[in-house]
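[1] Provided below are the primary sequence and the corresponding predicted coordinates.
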Amino acid sequence: MNTHPAAIISPESQLGDNVTVKPYAIIESDTQISDGCEIGAYVVIREGTRLGANTKVHTGAVLGEPPQDMKYKGERSYLIIGENNLIREFVTIHRASGEEQATRIGSHNLLMAYSHIGHNVVIGDHILLANYVGVSGHCAIEDYVNIGGLTGLHQYVTVGTTAMVGGAAKVVRDVPPYTIVDGNPAQPRGINVRGLQRQDVADQQITILKQAYRLLFRSELNVSDAIQRIIETVEQTPHVARLVEFMRRIEDGYRGRQTDPH
């Protein structure tokens, strides 16, 4: 363990092997910093934070602050972060409101400088949040999502897997999986072909997914009728089935959100 003498580390924190803590970092009690983590200068890690292995936290980031939620009354809650994340300068992530509740961040994510993740958010793996993205409380972001800089997500919004959100977008509605959305308010613009190709999805599968997309977003059909038409006329590949399931939850009033974003 390599900790600078100017760092302030509670004796009631738990630090794993090969942890580096740079000058003027503050690590409070009831925290867990797993093996191989690097904690930058002036980082603040508040109580209730759990940091997975090999995560790097850059200068000035603040992890586990109490939620910006009027309902919060000081109850015990958590921020749980997975492995191999890169958290850049001045990122802020708040722990949850609600007794024993948690804000959860998965693994292999890149959170760029000044991005913010609010209370009770659930984020999957392989997410990219560009600079100044703001994620409001209770949002869910599924795996392989890319969100452009200066974008704001309204509370309770769900972003489906492999979606791409354009920079400076205003996201007030759920973002269907595999789509590109942009604008103020954000609207579907097409299928995220490049994101799917990065996951080795075959061109034929992407073409079939585009057929479903056109029925949902480029026809005169309402959502219910479009889903029925997709079931009747489009090959039910796993990607099409997931898109239909997501849209059906929205139509039923349950939103696209799942308990687990994976």
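    Arrived safely, thanks for sending.
[2] How much space separates residue 72 from residue 110?
    28 Å (CB to CB, to the nearest Å). Just so you know, the C-beta spots here come from the backbone N, C-alpha and C atoms, and that holds for glycine as well.
[3] now do residue 119
    Distance of residue 119 to residue 110, given as CB to CB: 21 Å.
[4] So between these two, which is more surrounded?
    Using other CB atoms under 10 Å, the more surrounded residue of residue 119 and residue 110 is residue 119, with 26 against 15.
[5] confidence score at the nearest residue to that one once chain neighbours are set aside?
    Closest residue to residue 119 apart from its sequence neighbours, by CB to CB, 6 or more residues apart in numbering: residue 67 at 3.2 Å. pLDDT for residue 67: 98.
[6] Looks to me like residue 67 is in a helix.
    No - according to DSSP: H, G, I helix; E, B strand; the rest coil, residue 67 belongs to no helix; its state is coil.
[7] what sits against it?
    When the contact criterion is CB atoms under 8 Å, 6 or more residues apart in numbering, the partners of residue 67 are 77, 94, 95, 96, 97, 118, 119, 120, 137.
[8] for residue 178, same thing?
    By CB under 8 Å, 6+ apart, the neighbours of residue 178 are 160, 161, 162, 163, 191, 192, 195, 196, 209, 213, 239, 243.
[9] what does residue 27 give?
    With contact taken as CB under 8 Å, 6+ apart, residue 27 is in contact with 7, 8, 9, 10, 13, 15, 21, 33, 39, 45.
[10] Go again with 7 Å.
    Contact partners of residue 27, counting by CB atoms under 7 Å, 6 or more residues apart in numbering, are 9, 10, 13, 21, 33, 45.
[11] sorry, back to before: counting neighbours, which of the contacts of residue 67 end up buried?
    77, 94, 95, 96, 97, 118, 119, 120, 137 (16 or more other CB atoms under 10 Å).
[12] Can you give me the separation between the fifth one and residue 159?
    In this structure, residue 97 and residue 159 are separated by 21 Å, where distance is defined by CB to CB.
[13] Repeat that for the first one.
    Distance check for residue 77 against residue 159: by CB to CB, it reads 23 Å.
[14] again with the third one
    Look at residue 95 and residue 159: by CB to CB, they are 21 Å apart.
[15] tally of neighbours for the residue lying closest to residue 177 once chain neighbours are set aside?
    Leaving aside its sequence neighbours, residue 177 sits nearest to residue 160 (CB to CB, 6+ apart; 3.0 Å). Residue 160 has 26 neighbours, counted by other CB under 10 Å.
[16] which ones are touching residue 160?
    Residues in contact with residue 160 (CB under 7 Å, 6+ apart) are 142, 175, 176, 177, 246, 256.
[17] Determine which two of these are furthest apart.
    For these, the maximum inter-member distance is 10.6 Å, found between 142 and 176 (CB to CB).
[18] Comparing the two, which residue is more hemmed in?
    Applying other CB under 10 Å to residue 142 and residue 176 shows that residue 142 carries more neighbours, namely 28 against 25.
[19] Relative to residue 226, how far out is the more buried one?
    Separation of residue 142 from residue 226 (CB to CB): 21 Å.
[20] Does residue 93 touch residue 85 like I think?
    No - Residue 93 lies out of contact with residue 85 (CB atoms under 7 Å); the separation is 10.3 Å.
[21] Give me the common contacts of those two.
    residue 105.
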